[in-house]
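# This is a predicted model, with the sequence first.
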Amino acid sequence: MLSSHDAGQITDSSLTDESARPRRASVRRVVRIGRTVAILSLMTLLVFVLVEGVSSLILFANDLLEPTQGRNSAVYQMHDEELGWVNIPNLRMDEIYGPGTYLQTNSLSLRSDSNSPRAIPDGKKRILCSGDSFTLGIGVSNLETWCAALASLDPSLETANLGEAGYGIDQMYLKYQRLADSLDHNLHIVAFITDDFRRLGLETFVGWDKPAFQLEDGELVLINTPVARRAFYVPWLSSHRHFFSRSVARSRWRCLTDLRSWVARREQQLSWYT
């Protein structure tokens, strides 16, 4: 027979087990929920990786088959520690904007069919043209840019095209500063659009890191230099977060164009690593 003391202990133990059972059930429930969340997160990540990989392969194959790649300016640009990016020097790309078109750069990365000597030729006046893609002349051949057309107005004029796709006012100034001593000139023309001033304070633009200016004590100070080269393995989602913020308002075709530009840029970066 159980004594009253033993019976009390059994009763207390039973009560303890009864009170602990809901807590154990709650812990098991939390563990199950955590495991489910972890599995769903992993599956979501795998889906993103799979979709990105398949999309990249499809767009890469399409890029190989499509003859006109000129709208993807990254195919003729390379990283530059001072400017962010610059035209690849001594490059020629035929049929780049369509049949009969071409893009050619000289040793100074200028869009030109030939190298420019430092000294101005006798009887000539040299004009330097700075600007963004409108000055570079996306969509037309070298001799059809506005800078080249300017030289055709008067045989005494010689022009040098310093244009770069995507440049802001800051990069235009820095490129001019780099080349001013290498090219004697009589006049410097800067062509710009409103957005070029917005780019002045940006440290990244269209997937590239870039230099920028900020105002400190009433003076402009250059920051983000030397400009870092983005490694190929930088996560696509972080380096292209701007793509998602704009994609909702864009058409499906514009979204695909952004993806194609990214693929082209990565191909160009890889070519410089090998």
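Yes, it's here.
# Apart from its neighbours in sequence, what residue is nearest residue 87?
Excluding the flanking residues, the one nearest residue 87 by C-beta to C-beta, 6 or more residues apart in numbering is residue 109, at 4.3 Å. The C-beta positions use only the backbone N, C-alpha and C, and glycine is treated the same way.
# for residue 89, what are its contacts?
105-109 (C-beta atoms under 8 Å, 6 or more residues apart in numbering).
# backbone phi and psi for it, please?
With angles defined as degrees, to the nearest 10, residue 89 sits at phi -70, psi 150.
# Can you flag the buried ones in the contacts of residue 89?
Among these, those buried by neighbour count (16 or more other C-beta atoms under 10 Å) are 105-106, 108-109.
# related to what we said a few turns ago, now for the residue nearest to residue 87: which residues touch it?
86-89.
# All the helices of the stretch 101-250 of the chain, residue numbers only.
Secondary structure of the stretch 101-250 of the chain (DSSP state H, counting those that start in this stretch): helices at 133-136, 146-151, 169-179, 195-198, 236-239, 241-247.
# low-confidence ranges in the stretch 51-200 of the chain?
Within the stretch 51-200 of the chain, the segments meeting pLDDT under 70 span 55-56, 59-71.
# re earlier: can you pick the most crowded of the contacts of residue 109?
In terms of neighbour count, residue 87 stands highest of these at 25 neighbours, by other C-beta atoms under 10 Å.
# Look up how far residue 79 lies from that one.
Distance, residue 87 to residue 79, using C-beta to C-beta, to the nearest Å: 12 Å.
# Skip the chain neighbours and tell me the closest residue to residue 171.
Nearest to residue 171 is residue 83, by C-beta to C-beta, 6+ apart, at 5.4 Å.
# and the one you found, what is it in contact with?
Counting by C-beta under 8 Å, 6+ apart, residue 83 touches 164, 171, 174-175, 178, 210-211, 227.
# Return the distance of the closest residue in space to residue 116 that isn't next to it in sequence relative to residue 130.
Using C-beta to C-beta, 6+ apart and skipping the chain neighbours, the partner closest in space to residue 116 is residue 160 (5.5 Å). Residue 160 sits at a distance of 10 Å from residue 130 (criterion: C-beta to C-beta).
# residues touching residue 179, list them.
Taking C-beta under 8 Å, 6+ apart, we find residue 179 in contact with 108, 110, 128, 162.
# Sorry, wrong one. I was asking about residue 147.
111, 127, 129, 135, 137, 159-161, 163.
# So how do I select the buried members of these in PyMOL?
For the buried members of the contacts of residue 147, the matching PyMOL selection, counting by 16+ other C-beta under 10 Å, is:
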select buried, resi 111+127+129+135+137+159+160+161+163
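# and the contacts of residue 147 as JSON lines, adding distance to residue 35?
Below are the contacts of residue 147 laid out as JSON lines (distance: C-beta to C-beta, whole Å):
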{"residue": "111", "distance to residue 35": "59"}
{"residue": "127", "distance to residue 35": "69"}
{"residue": "129", "distance to residue 35": "63"}
{"residue": "135", "distance to residue 35": "58"}
{"residue": "137", "distance to residue 35": "58"}
{"residue": "159", "distance to residue 35": "67"}
{"residue": "160", "distance to residue 35": "65"}
{"residue": "161", "distance to residue 35": "61"}
{"residue": "163", "distance to residue 35": "57"}
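# which one of the contacts of residue 147 is nearest residue 187?
Checking the contacts of residue 147 against residue 187 with C-beta to C-beta, the nearest one is residue 127 at 4.6 Å.
# my guess is the closest one meets residue 187, correct?
Yes: using C-beta atoms under 8 Å, residue 127 is in contact with residue 187, at 4.6 Å.
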